[in-house]
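In: Give me a 3D structure for the following:
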Amino acid sequence: MQIRFSRLKDKLAKSSVFPLLVSGDEPYQHMLACDMFRARAKQLEFSERKILTVETGFDWSELEHEQSNMSLFGERILIDLRIPNGKPGAAGSKAIVNFVENLHDDVTLLIQAPRLDRNGINSAWVKAIDNVGGVLRVWPLNEMETRNWIQQKLRAKGLTATTDVVGYITQQVEGNLLAAMQEIEKIALVSKSKDLDLKNIHALLTNSSHYSLNELMDVVLKGDVARVIRIIAGLKKEDVAPPLLLWGLTEQVRKLVDSKPNGSAAKNDAQHDILHTLCKLHQKSTDICQQDLSSKTSDLLKQCARVDRVIKGRAFGDPWHELLQLSIAIRYSV
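Out: Numbers count the residues shown, from 1 in each chain. The predicted model follows:
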């Protein structure tokens, strides 16, 4: 079935999770749609998530393997399949069709892809998902829709804005809802007045906050997604080099990999501190926390490698969007 973004939450609430394809080049709606699906899957006790990213040389038997091999602990599994170019090829199309036609109750599938062309929409794998699950295509909003969207988000934050203010923000973000949400979050955070006019909004949006890599790492571990978005937006505005940010995130993942519950070596003190912090934040025992991390960090390292290729121009994608997705992935892994 074809699903509109505005109807996804209701569709998910009224049924068990179904195979879902989210495609499109509007990053904010794309991200929210995937978040809604993952949240609903978690409510339905799909407690294990396996991320598969399709790149050159990807072995499609991995998808079949994940479907046929149940979790060792009998957990329900969400397969998060990412196709950066939207073209799985003949082998991939066959594997996806076979997957959705033989789906069972303990496995579900989320596919993420960019905007698909006509051939993509009419392909066998998309039609298979459409027949047994849902296809959601996110579209950029036109100028009037963007204005209305910004006005609604400002009101949701308890802010009142003049028409000039809404028009100014619309012009600044150029249809990028993720950028618009970042600006609205910033306004809500620092504005002393709930009534916004063009003079004070201009001052707020041209006065960038100064963020640090250390602050980002701390916020990622604490799981504050809204602040993660704001900090990355701030680092981008301050022209922080993407490779430097990736280095910091990769080091964070490696520390998670190296964390050991009862280690004694002095060189691992930093890793032990991270593990202790995570256990305290998420109210888990050290052993359980360590087990959770061990099952997820391998996928995170693969995602770090992909972001590196995007930054170097060797893979499709926007470096800053990929860095944001990596930060959020780390947050959901802890």
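
In: Tabulate the CA atom coordinates of the helix or strand where Glu183 lies in CSV.
Out: Taking DSSP states H and E as the criterion, Glu183 maps to helix 177-190. Extracted in CSV, the C-alpha atoms of helix 177-190 (Å, rounded to 0.1, in the frame of the first residue of the first chain):
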residue,chain,number,x,y,z
LEU,A,177,13.0,20.9,6.8
LEU,A,178,15.9,19.4,8.8
ALA,A,179,17.6,22.8,8.7
ALA,A,180,14.3,24.5,9.6
MET,A,181,13.8,22.3,12.6
GLN,A,182,17.4,23.0,13.7
GLU,A,183,16.7,26.7,13.5
ILE,A,184,13.4,26.4,15.4
GLU,A,185,15.1,24.3,18.1
LYS,A,186,17.7,27.0,18.4
ILE,A,187,15.2,29.8,18.6
ALA,A,188,13.2,28.0,21.3
LEU,A,189,16.3,27.4,23.3
VAL,A,190,17.8,30.9,23.3
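
In: If we go by neighbour counts, what in it is buried?
Out: By neighbour count on 16 or more other CB atoms under 10 Å, the buried set for helix 177-190 is Leu177, Leu178, Ala179, Ala180, Met181, Gln182, Glu183, Ile184, Glu185, Lys186, Ile187, Ala188. C-beta: built from backbone N, CA, C; applies to glycine.

In: and that helix, what's its mean pLDDT?
Out: The predicted model assigns helix 177-190 a mean pLDDT of 82.

In: Using JSON lines, lay out the buried residues of helix 177-190 together with distance to Ile232.
Out: Listed next are the buried residues of helix 177-190 as JSON lines, based on distance: CB to CB, whole Å:
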{"residue": "Leu177", "distance to Ile232": "15"}
{"residue": "Leu178", "distance to Ile232": "10"}
{"residue": "Ala179", "distance to Ile232": "11"}
{"residue": "Ala180", "distance to Ile232": "15"}
{"residue": "Met181", "distance to Ile232": "12"}
{"residue": "Gln182", "distance to Ile232": "8"}
{"residue": "Glu183", "distance to Ile232": "13"}
{"residue": "Ile184", "distance to Ile232": "15"}
{"residue": "Glu185", "distance to Ile232": "12"}
{"residue": "Lys186", "distance to Ile232": "12"}
{"residue": "Ile187", "distance to Ile232": "17"}
{"residue": "Ala188", "distance to Ile232": "17"}
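
In: Which single one of those residues is nearest to Asp59?
Out: Of all the buried residues of helix 177-190, the one with the least separation from Asp59 (CB to CB) is Leu178, at 32.4 Å.
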